[in-house]
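Trainee: Structure, please.
(one chain, ligands or ions: 1)
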Amino acid sequence: MSKAAAIFGASGGIGRALVERLSASGAYSAIHAGGRVAPAGFGPEVCPFACDITDEAGIAAAVAGMAPPLDLVIVASGLLHDSASGIAPEKSFRALDAAAMARVLAVNTIGPALLAKHVLPCLPRDRRAVFAVLSARVGSIGDNRLGGWHAYRASKAALNMLVANFAIEMRRSHPQAIIAALHPGTVATDLSAPFQRGVAEGKLLTPQTSAGRLLDVIERLTPAESGGFFAWDGARIAW
Ligand SMILES: NC(=O)c1ccc[n+]([C@@H]2O[C@H](COP(=O)([O-])OP(=O)(O)OC[C@H]3O[C@@H](n4cnc5c(N)ncnc54)[C@H](OP(=O)(O)O)[C@@H]3O)[C@@H](O)[C@H]2O)c1
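Mentor: Numbers count the residues shown, from 1 in each chain. Model prediction:
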């Protein structure tokens, strides 16, 4: 059976490693790989595309370019900091800025939601399929002991709620579909670069290790676990 996958955020550290891993597996005849600029440097089964996740018309056009059904869709895009736009995780509520917060929510929450709107109908109804979003453990309300990073935490907590909601809705029409939020671990990418000094020895994953473990988790998830939030080691994370 020929399978198709789509990775959004394939220009990022984890997204690129996910595409490379899927490509090396030989299990997919088509792997759509998107970034704001179409990412390059992949094998012949990879179809690069350009898509800004904050632009719904662009999302619709990108999805329309993929022949359904899609067996695996992973949203690996995300925003934590952007010095060019003055976006940095807030240490205090005093640092909150409406424009920065709106941008973080647009990229991390609204973009994946609109992507789900267009891509979930492309999942097969008659076999297992997975729609996974890269969330973050800091988006867990139950696990929040340190506080701070208000916009990012809130954007991922809201993303987790959307995942739970979409799973309920999809259960009716696509009983074998799995909708999941995943925490990739603390991974050595541009996103975590300014914060890696505080990471305990041996706890910083390479993008390749994280991608491999995430795909293992995705492989093992069952439809009964749809709507859940899981870490790179397979452990369920509290909402
Ligand atoms: N690294 C970690 O330690 C860590 C920990 C927990 C969770 N996560 C989550 O894992 C995911 C991947 O993170 P990463 O570490 O791989 O980050 P990264 O290397 O900075 O990659 C971020 C990706 O998001 C894309 N992106 C940003 N804004 C976008 C937009 N408007 N439209 C489309 N794509 C956009 C980037 O595309 P461009 O190339 O076009 O900018 C890039 O592909 C994120 O959701 C992040 O929150 C990461």
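Trainee: In the protein, what residue spans correspond to strands?
Mentor: Taking DSSP state E, the strands of the chain run over residues 3-8, 28-35, 46-50, 72-75, 129-134, 177-183, 186-187, 204-205, 229-231.
Trainee: mind listing what's buried in stretch 37-55?
Mentor: Residues 39, 42, 46-49, 51-54 are the ones in stretch 37-55 that count as buried (16 or more other CB atoms under 10 Å). Where you see a C-beta, it was placed from the backbone N, CA and C, and this is true even at glycine.
Trainee: what packs against the lengthiest helix in the chain?
Mentor: In the chain, taking DSSP state H as the definition, the longest helix is helix 150-173. Judged by 3 or more CB pairs under 8 Å, 6 or more residues apart in numbering; DSSP states H and E, helix 150-173 is in contact with helix 98-105, helix 111-119, strand 129-134, strand 177-183.
Trainee: mind running it again at 10 Å?
Mentor: Using 3 or more CB pairs under 10 Å, 6 or more residues apart in numbering; DSSP states H and E, the elements in contact with helix 150-173 are helix 98-105, helix 111-119, strand 129-134, strand 177-183, strand 229-231.
Trainee: one step back: tell me, which of the buried residues of stretch 37-55 make contact with the ligand?
Mentor: Here is what survives when the buried residues of stretch 37-55 are matched to the ligand using CB under 6 Å from any ligand atom: 52-54.
Trainee: How many neighbouring residues does Asp216 have?
Mentor: 12 (other CB atoms under 10 Å).
Trainee: Would you confirm that it contacts Trp232?
Mentor: Yes. In terms of CB atoms under 10 Å, Asp216 counts as a neighbour of Trp232; the distance is 8.7 Å.
Trainee: Check whether stretch 190-199 comes into contact with the ligand.
Mentor: Yes. Contact of stretch 190-199 with the ligand (CB under 6 Å from any ligand atom) involves 190-192.
Trainee: quick check, nearest of the ones next to the ligand among the buried residues of stretch 37-55 to Ala164?
Mentor: Among those, Ile53 lies closest to Ala164 (CB to CB), at 20.3 Å.
Trainee: for the ligand, what are the nearby residues on this structure?
Mentor: With CB under 6 Å from any ligand atom as the criterion, the chain meets the ligand at residues 9, 11-15, 35-37, 52-54, 76-79, 107, 134, 136, 183-184, 186-187, 189-192.
Trainee: Stretch 122-129 spans what distance, first to last residue?
Mentor: Start-to-end span of stretch 122-129 (CA to CA, to the nearest Å) is 10 Å.
Trainee: Model confidence score at Met1, please.
Mentor: We note a pLDDT of 63 for Met1 in this prediction.
Trainee: Can you tell me which of the ones next to the ligand among the buried residues of stretch 37-55 is nearest Ala61?
Mentor: Among those, and counting by CB to CB, the member closest to Ala61 is Asp52, at 10.9 Å.
Trainee: which residues does that closest one contact?
Mentor: 34-37, 58-59, 62, 77, 107, 111 (CB atoms under 10 Å, 6 or more residues apart in numbering).
Trainee: switch to 8 Å and redo it
Mentor: The neighbours of Asp52, taking CB atoms under 8 Å, 6 or more residues apart in numbering as the test, are 36, 58.
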